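Chemist: Predicted structure and sequence below. I'll ask about it afterward.
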Amino acid sequence: MRGAEIKALTGLRIVAAVWVVLFHFRPLLYQVAPDVTEALAPVLDRGAQGVDLFFILSGFVLTWNYLDRMGPAWSTRATLHFLWLRLSRVWPVYLVTLHLAALWLIFTLNVGHIPPEDTSGYNAVSYVRQLFLVQLWFEPYFDGSSWDGPAWSISAEWLAYLLFGALILVIFRIARATRARSLVLLAIAAALPPVVLLMATGHFYTPWSWLPRIVMQFTAGALACAAVRKLHLTERTQKRAGYLSIVLGAVIVGGLYFFDKHPMNTVGDAGGMVDILFVPQVVALAVGVGSLPALLSTRLLVYGGQISFGLYMVHELVHTAWIWTTRQFELTLTPTLSGKATLLGLFAISLVGAIALYHLVEEPARRWMRRMVDIRPVEQANTKLHRIDTEDRSDEVAARAADACNLPNPLCDRLLCPCYHCVTGRLSTAEVHPIGYPGIAVRDDLCLAGSGGCSESSDHFHRLACPPGGAVHTCSVSALRHLGT
């Protein structure tokens, strides 16, 4: 069902996060397991491309959730609401790791004999830029732009979020005029500019290269989502898509080994060429069933996807602290049992930190920030709700409300909740709204959405279906049941 979580893509997030973690930890991996590290080097050395996969996933998932809400017409209110919800998702963990990085700097300035390598970026101007997620916008290179290294990509994502309100209008109109297969091709084409720049310069990491990476790959993810939304696949085709995702995964890994063994003469980072396959891989996982999609949809990997943001943000703090410790106490990891145990301990600390951030910071803070914008004032006059009729019809009302969710209707945003139910009748009068849903009459100017999840687009629904000046509220099926008593 549209709007439901695509669990395979949630599971894919932990794969991307672990890829980035292993990329940063690979010198330590080499110290404790040199043979294994050398064997996996073509994959480990390209782990930074996990960020590119994140950019594509971000564009896809946001379009999946917001295309019908924000795509038909510009709404400043809806756009600001969207931006606040995105802040509620990333800002709390970001702020915690930002200040942990600052505290670590203070610690190393006052403890031991190994000072930080460079403190020039720690100043008031930099802090304000870090605080408002704009630090990368002033830098041609992302290295050293953020106090917590991986936070550069969050600054880049924030730029994409600010552009999303306009982008989604374009994606919506492209999707209406374009077939699904053509949308997939457009998505692949949108992901090409970073690869073209790689082939032109010979390097993936060049001045301002982060800008086309975030803008174009985010757009590619949005177009890929638009394609998936238009696909109507049989069960057999979905299984084939699942098998295709395995093939694409193998080709990506095989491509990394191929370019490592047969490097291009003018391209030093030829492994970046496999970025072209990220878009079809995401599409295949989104629509496929069984095999790899089923594996990524397991409870363990979905939970991993949920904590992946915390893992991404905290692991480099653990890595930085360990590097300082080795220099301070002249420690060296060795390929012994103790060395392997130490490395596993560092991974465990990163994982525990990610879990703690998710449960103690990310989710509580997200809910708290969402509550700030979910307040919907009710008019004081004529607010009493009246019974629909003189009989006790609570079960019938609830059943009709639930059944209405299955009615086809272009105004119903199935991405959000079971469906909408608009109140259009007069007091104590039960009517059926022209769009096909059972009217539950309580007031002329009151419009009820059928689930708490509808609240994010109630403004859009209000413009489409409610009387002028109507107040928009949400109610669950249990609330509808209450109205009928």
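Modeler: Ah, there it is.
Chemist: What segments of the stretch 201-350 of the chain are helices?
Modeler: Counting by DSSP state H, counting those that start in this stretch, one finds helices in the stretch 201-350 of the chain at the ranges 210-230, 235-261, 278-287, 291-296, 299-329, 337-356.
Chemist: Tabulate those helices (a markdown table), appending mean pLDDT, mean neighbour count and distance to Ile174.
Modeler: C-beta: built from backbone N, CA, C; applies to glycine. Rendered in a markdown table, the data for those read as follows (pLDDT from 0 to 100; neighbours: other C-beta atoms under 10 Å; distance: least, C-beta to C-beta, whole Å):
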| stretch | mean pLDDT | mean neighbour count | distance to Ile174 |
| --- | --- | --- | --- |
| helix 210-230 | 97 | 25 | 7 |
| helix 235-261 | 96 | 16 | 22 |
| helix 278-287 | 98 | 25 | 15 |
| helix 291-296 | 96 | 20 | 26 |
| helix 299-329 | 97 | 19 | 28 |
| helix 337-356 | 97 | 15 | 37 |
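Chemist: TSV for these, including distance to Ile14?
Modeler: Formatted as TSV, the helices of the stretch 201-350 of the chain follow (distance: least, C-beta to C-beta, whole Å):
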stretch	distance to Ile14
helix 210-230	18
helix 235-261	15
helix 278-287	13
helix 291-296	9
helix 299-329	3
helix 337-356	10
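Chemist: Would you mind saying which of those lies nearest Trp147?
Modeler: helix 299-329 (9.9 Å; C-beta to C-beta).
Chemist: I'd like to know how far the nearest residue to Phe164 once chain neighbours are set aside sits from Leu186.
Modeler: Setting aside the residues directly before and after it, Phe164 is nearest to Leu62 in space (C-beta to C-beta, 6 or more residues apart in numbering), at 6.3 Å. Distance check for Leu62 against Leu186: by C-beta to C-beta, to the nearest Å, it reads 17 Å.
Chemist: Ok, Met199 next?
Modeler: 20 Å.
Chemist: now Ser338
Modeler: 53 Å.
Chemist: repeat for Ala348
Modeler: 43 Å.
Chemist: hmm, back to that, of Met199 and Leu186, which one has the most company?
Modeler: Leu186 (21 against 14; other C-beta atoms under 10 Å).
Chemist: so the more buried one makes contact with Ala177?
Modeler: No - contact between Leu186 and Ala177 fails when scored by C-beta atoms under 8 Å: they sit 11.2 Å apart.
Chemist: and the closest residue to Arg240 other than its chain neighbours, what are its phi and psi?
Modeler: Closest residue to Arg240 apart from its sequence neighbours, by C-beta to C-beta, 6+ apart: Gly288 at 7.8 Å. Torsion angles at Gly288 (phi, psi; degrees, to the nearest 10) stand at phi -80, psi 160.
Chemist: per-domain residue ranges of this protein.
Modeler: According to automatic domain parsing, the chain comprises the domains 7-373, 394-483.
Chemist: now the last one: mean pLDDT?
Modeler: Spelled out, it's domain 394-483. Average pLDDT, domain 394-483: 36.
Chemist: same check, this time on stretch 363-378
Modeler: 84.
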